[in-house]
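> Here is my input, please return the structure:
(2 chains)
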Amino acid sequence: MKKSLKQWVGVGTTVIMAATVVAGCGSTPENTQQPTPAAGATANAKPFAGKSINLVAANHPWADAIKPLLPDFEKETGIKVNVESFFEDQLTQKLTVQFTSGSATPDVFMYRPLQEGKLFYKNGWVQPLDDYAQKAKDYDFADFAKSAVGSTTVDAKLAGIPIITEQEILYYRKDLLQKAGIAVPKTLDELQAAVKKLHDPKNEMYGFVARGQRSPLVTQVSSFLYSEGADFTSGDKATINTPEAIKAFTTYGTLLKDYAPPGVLNMSWPQAFGIFAQGKVAFLTDANSLYKNATDPAKSQIADQVGFAVMPAGKAGSKPYSITSWGLAMNAKSGNKDATWAFIEWATSKDVVLKTQQKGNPGARASVWDKPEGTTGFPADLVPIIKESSKNGVDHDRPTVISVGEARDAVGEIVQKWMTGETNIQPVADKANAALQAIMDKDKTK
Amino acid sequence: MQYSWFNRNLKWIYTLPAVIFVLLMMLFPIIYTFRISFYEWSMSATTPPLFVGLSNYIALFKDERFWHATGSTFYFTIMALGLEVILGIAIALLLSREFKGKNIVKTVFLLPMVATPVAMGLVWMLIYEPTIGVANMMLKSMGLQPLLWLASPNQVIPSLVIVDVWQWTPMIALIIMAGLATLPTDPYEAADVDGATAWRKFVSITLPLLKPTIIVAAMLRLIDVLKTFDIIYATTQGGPNFASETLNLYGYVLGFQYFKLGMASSLLVIFFALVMGLTLFMIWMRKRLEGTSS
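Residues are numbered from 1 along each chain as shown, chains lettered A, B, ... in the order given. Take a look at the predicted model:
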């Protein structure tokens, strides 16, 4: 088994290299006359006529926004784009299975850089895009937000191009704060005080809500962690049992344990936003990309009362995560790499990002955010919050390891134990830290 | 000549497709899983599967989460199966009587069974929602304290049992109703002559005669309850804090979230042996009981 797999990998690589060479020559004769296909979009003839590439997308608003634009791209380049769409989890499973079997399709796919990026990259499934991105004319890769690019970078290589970014922000009820005469909290201490003041469970009014479910909560507690000056890891060491980290976990846990609606242990974002939108909660922290769940009158009874604020500051200031939640990556085994890059270059170009962003998909290009027409898809008072959050944001919102699921369960358990009444939290954190360390050590052998 | 060969081997020829199917679709995966359970494999292209002998099994036996999942599996199975069998018999007895609108009632009873489990899970999640859900609204209207349902480590398994009972009791009822329809009438006539009460007739005639049917129904359900995955995954994903994590769920997490395929396989091998053992025990019990009742 061992030997045959190694052989297989070797043979596979050779075949792919051969295939890329062949693909470079193209299946249609006229392609051979185009030595620089990446710049072909501006060339007179259609450089990739007759080529087709496969895109695997998630059921995501970005995919809905890009699909109507595809005919333009196809007309411009002659590349036919075949699109398949899947639900998030199915997408990961489908890609994993397909790549494990060494498939050359899909050529390009949507992926979650912080969830699967390291796994995909370490397995050699994604094509590093540094050379493509740096060489492309007029592409202006420097325009992408640093933290967003940080999320899609693995081992100093660019594993994908950011398409959707998000930051953690504070949602609050304008009317309740005004009535109680409370200013919008700027620090975690102020937040706790305000939450306490507005918490009135007898009248079904709760101070705070956020994700309480073990694995989902990890991404949202991360901003608390950074703002207290901690992180999941530091270099090669797991650091979720440091005093700063424990402070962050217990702050988040206490807010949920003492001031959240009953049942918060089982809440992920749909439940948390659901109850916030019912008008039963004063404060909520979660990703800004989900704002429509609070401001859409069809979903929310308090649509016109929702305020946005930057993540309250801890000891180390306000440090929300500012990450790429979805990226576009190229299959390392794709037989149409240049055509695939042409697609990625187009889909993440300034023009297209402007168009997708106008439909409410927060992109990673600073120039688009700076244009007035680039922010029309968002509430006016959310835009400055997004801009400020992405400035001092951290580029990850979970431990960046290969086995993210296992690491998230380890971290989430600390908060959940605290929420279920464990008072001696240090041993719990030590145990979780050892588990995270084991996961990190294992990564190094891969 | 050829014709007679064909005729002689007819029973083999006709069953061949089924045999091939079973070998391919059932035996191969089982054997393959068994094999992987001795390897450490993380679905990585750069590190090939590594033979580790029994260490996956040893790691599992040392794993608190595995034992907790085993406990939860049995807790869930015993509660769900017990309730389903008792309620199933009661419903079957009720429905085997003649009354107006019987067919409508029967149809309504069978509805949960045909619903998609994941969709059902989502609906029950709303029902159980502590603040805005219907379940607590009902409790409050009866003057009772609201519960946390799925969000409490102690209440989560009983809450899931309610969902399972709601969905699958009709199946038990259906099988038992079929059994009731085949019961002979003379013992009842004799009992009537002796002036036996309804309860006495149920305990002394109906129940013993129904025993084989009940055991078959329970056995079918037992295997399914042990394997329950969809309802739990759709509602709690094993939470809060692993409280509703059963073996099947832990196996899924190990395999498809942690990518520890070797360890997931060894867990499934243990689970397979467990289900197999219980099934054999049920078959043996059935034979023994049938032996004593006839």
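> right, is the host helix or strand of A:R408 up against chain B?
Per DSSP states H and E, A:R408 falls inside helix A:404-419. Yes - counting by CB under 8 Å from any CB of the partner chain, chain B has neighbours in helix A:404-419: A:G405, A:E406, A:D409, A:E413, A:Q416, A:K417. Backbone N, C-alpha and C define where each C-beta goes, glycine included.
> How confident is the prediction for the second one, by pLDDT?
Turning to A:E406, the model gives it a pLDDT of 90.
> Give me the neighbour count for it.
Counted with other CB atoms under 10 Å in any protein chain shown, residues neighbouring A:E406 total 22.
> I'd like the distance between B:R221 and chain A.
27 Å (CB to the nearest CB, to the nearest Å).
> isn't that residue right next to B:L174, touching?
No - in this structure B:R221 lies outside contact range of B:L174 using CB atoms under 8 Å: 11.3 Å.
> Among the two, which residue is more densely surrounded?
Ranked by neighbour count (other CB under 10 Å), B:R221 and B:L174 place B:R221 first, with 22 against 19.
> can you pull the contacts of the more buried one?
Counting by CB atoms under 8 Å, 6 or more residues apart in numbering or on different chains, B:R221 touches B:L81, B:E84, B:V85, B:W168, B:M171, B:I172.
> confidence score at residue 51?
Since you didn't name a chain, this refers to chain A. A:K51 is assigned 88 on the pLDDT scale.
> that's the other chain; I wanted chain B
89.
> OK, contacts around the nearest residue to it once chain neighbours are set aside?
The shortest distance from B:F51 to any residue other than its chain neighbours is 5.7 Å, reached at B:Y39 (CB to CB, 6 or more residues apart in numbering or on different chains). Contact partners of B:Y39, counting by CB under 8 Å, 6+ apart, are A:M1, B:P49, B:L50, B:F51, B:V52, B:N56, B:L261, B:G262.
> so the last one makes contact with B:F38?
Meaning B:G262. Yes - using CB under 8 Å, B:G262 is in contact with B:F38, at 7.3 Å.
> overlap in contacts of those two?
Going by CB under 8 Å, 6+ apart, residues that sit against B:G262 and also against B:F38 are B:V52, B:N56.
> Of these two, which one has the most company?
Legend: neighbour count by other CB under 10 Å for B:G262 and B:F38, higher for B:G262 (24 against 19).
> now the strands: where do they sit in chain B?
Remark: strands assigned in chain B by DSSP state E are B:39-40, B:50-51.
> Next one, pLDDT for A:V154 please.
On the pLDDT scale, A:V154 gets 92.
> what do you get for A:A18?
On the pLDDT scale, A:A18 is placed at 44.
> Likewise for the one 5 residues further on?
A:A23 carries a pLDDT score of 41 in this model.
> now A:S367
91.
> quick one on the thing from earlier: and the contacts of B:Y39, which are buried?
B:P49, B:V52, B:N56, B:L261, B:G262 (16 or more other CB atoms under 10 Å in any protein chain shown).
> Could you list the low-pLDDT ranges of chain B?
B:1-2, B:43-46, B:290-294 (pLDDT under 70).
> Name the residues of it found near chain A, please.
B:39, B:42-51, B:129-132, B:146, B:148-153, B:236-237, B:239-242, B:253, B:256-260.
> where does chain A dip in pLDDT?
A:1-45, A:446.
> The residue positioned nearest the centre of it: what secondary structure?
The geometric centre of chain A, computed from its C-alpha atoms, lies nearest to A:S325 (CA atoms, centre = their mean), at 1.3 Å. The three-state label given to A:S325 by DSSP: H, G, I helix; E, B strand; the rest coil is strand.
> Surely it and A:Q167 touch.
No - judged on CB under 8 Å, A:S325 makes no contact with A:Q167 at a distance of 10.0 Å.
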